[in-house]
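1. Sequence and predicted structure, then a few things I'm wondering about:
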Amino acid sequence: MHDFSAGIIGTGKYIPGKVITNHDLEKMVDTSDEWIIKRTGIKKRHILEDGIPSYKMGIKAAEQAISDAGINPEDIDLIITTTEAPDYLSPSMACLIQKGINAKNAAAFDLNAACTGFVYAMVVAQKFIESGYYRYVLIVSNEGLSRVVDWKSRNTCVLFGDAAGAVVLGKVDRQFGIKESYLASFGDLGHNLTIPCCYISDEEKNKRSENMERTIWQDGSEVFTFAVRSMTDATRIILDKAGISVKDMDYLIPHQANLRIINGAAKRLEISDEQIGVILHETGNISSASIPVVLDIFSKNGKFKNGNTLIFVAFGGGLTCGSLRFLWGK
Ligand code: COA
């Protein structure tokens, strides 16, 4: 048992200024504001301007998180970037961000667990810090999903948005920080949500329109069913591991893909609306950036009190899911 835990000592976010509302989408595809709100809860999403690389969002979020932590970029030992839409396969997004923030002493790599990426990265960072290998780890969840969306497909374009969220992890008092965690993957279900990269099969080609081969395709209802089940199970697993009940939890911070998914899991778990941190009506699905962006907003507007019990839970491509219990405080 350590005399410290790995915990969050700084947060940051960047949400691009350009907004696409549901009414804007009505002019682009056969959809309606009413349908999108009723079926997803999303009202608008923010999109990166053309010509700006996505990692620039990550730099801004990282700079805020480092300043919030009260440390310098040179103090960072490791940068983990989670992303589903990297600007390059090489250099990694993490190396591009390293250069941008001048974290010259950091090792850096990308981690891909799709929308579950932030939860995976938290557990990886925890292991590095609790083993004493590294002191400060920066996680940047950098998602420019608008770059891999087919803006003519109403099945996907209404759902996604762009944003980056960042946290700095370091040693905190043992009573705070990361506690129990659970990570899982279901590769046999991976075909339900795909974004081809260096190879595309004929089957995947046929699912997409011409010249849209590198875009997101999903079986919405299969992913929906998986999402409600996995978010419910992953939350229950953490509550059981911790030996606590839903009433002992102050906030559930879920990945935000569709309000009906969040509400479906909350109903099964008997979690009240006030216990859930939701921003997706403003952002759409921003993949692995969902949880760190909520953390930044909620911590800076004073919602979290020292010792609050938070549960992070996410699901996504792979398919993957994960959860962890986090006790807020430095
Ligand atoms: N606007 C208007 N109508 C739409 C539409 C849109 N954007 N998209 C689909 N429809 C139509 C369908 O064609 C269908 O019409 P029909 O009844 O005449 O055949 C009807 O709406 C219902 O379609 P369905 O696919 O059953 O809707 P849904 O309630 O399942 O919602 C999703 C679709 C994609 C929003 C939902 O399945 C979902 O959120 N899935 C999970 C996706 C996800 O989370 N992905 C990211 C993982 S990290």
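-> Ah, there it is. Numbers count the residues shown, from 1 in each chain.

2. Can you read off the backbone torsions of the residue positioned nearest the centre of the chain?
-> In the chain, the C-alpha nearest the mean C-alpha coordinate belongs to Ser288, at 1.8 Å (CA atoms, centre = their mean). Geometry field for Ser288 lists phi and psi as phi -70, psi -10, criterion degrees, to the nearest 10.

3. Which pLDDT does the model give it?
-> As predicted, Ser288 sits at a pLDDT of 98.

4. Then His2?
-> 77.

5. what's the answer for Gly58, then?
-> 98.

6. State the distance from it to Arg147.
-> Counting by CB to CB, to the nearest Å, the gap from Gly58 to Arg147 is 14 Å. All C-beta spots, glycine's among them, are computed from the backbone N, C-alpha and C.

7. more neighbours, these two?
-> Gly58 (33 against 19; other CB atoms under 10 Å).

8. Let me know the helix or strand that the more buried one is in.
-> Using DSSP states H and E, Gly58 sits within helix 55-69.

9. tell me which parts of the stretch 101-250 of the chain are close to the ligand?
-> By the rule CB under 6 Å from any ligand atom, the part of the stretch 101-250 of the chain lying against the ligand is Cys115, Arg154, Asn155, Val158, Leu193, Gln218, Gly220, Ser221, Val223, Phe224, Ala227.

10. Tell me who's in contact with Cys95.
-> Contacts for Cys95 (CB atoms under 8 Å, 6 or more residues apart in numbering) come out as Ala108.

11. Next one: it relative to Leu252, how far apart?
-> When distance is defined by CB to CB, Cys95 is 34 Å away from Leu252.

12. Same check on Ala227?
-> 14 Å.

13. now do Ala6
-> Distance from Ala6 to Leu252, counting by CB to CB: 21 Å.

14. what do you get for Ala65?
-> 22 Å.

15. Looking at those two, which has the bigger crowd around it?
-> Shown here are Ala65 and Leu252; by other CB under 10 Å, Ala65 has more neighbours (29 against 24).

16. Fine by me, thanks again.
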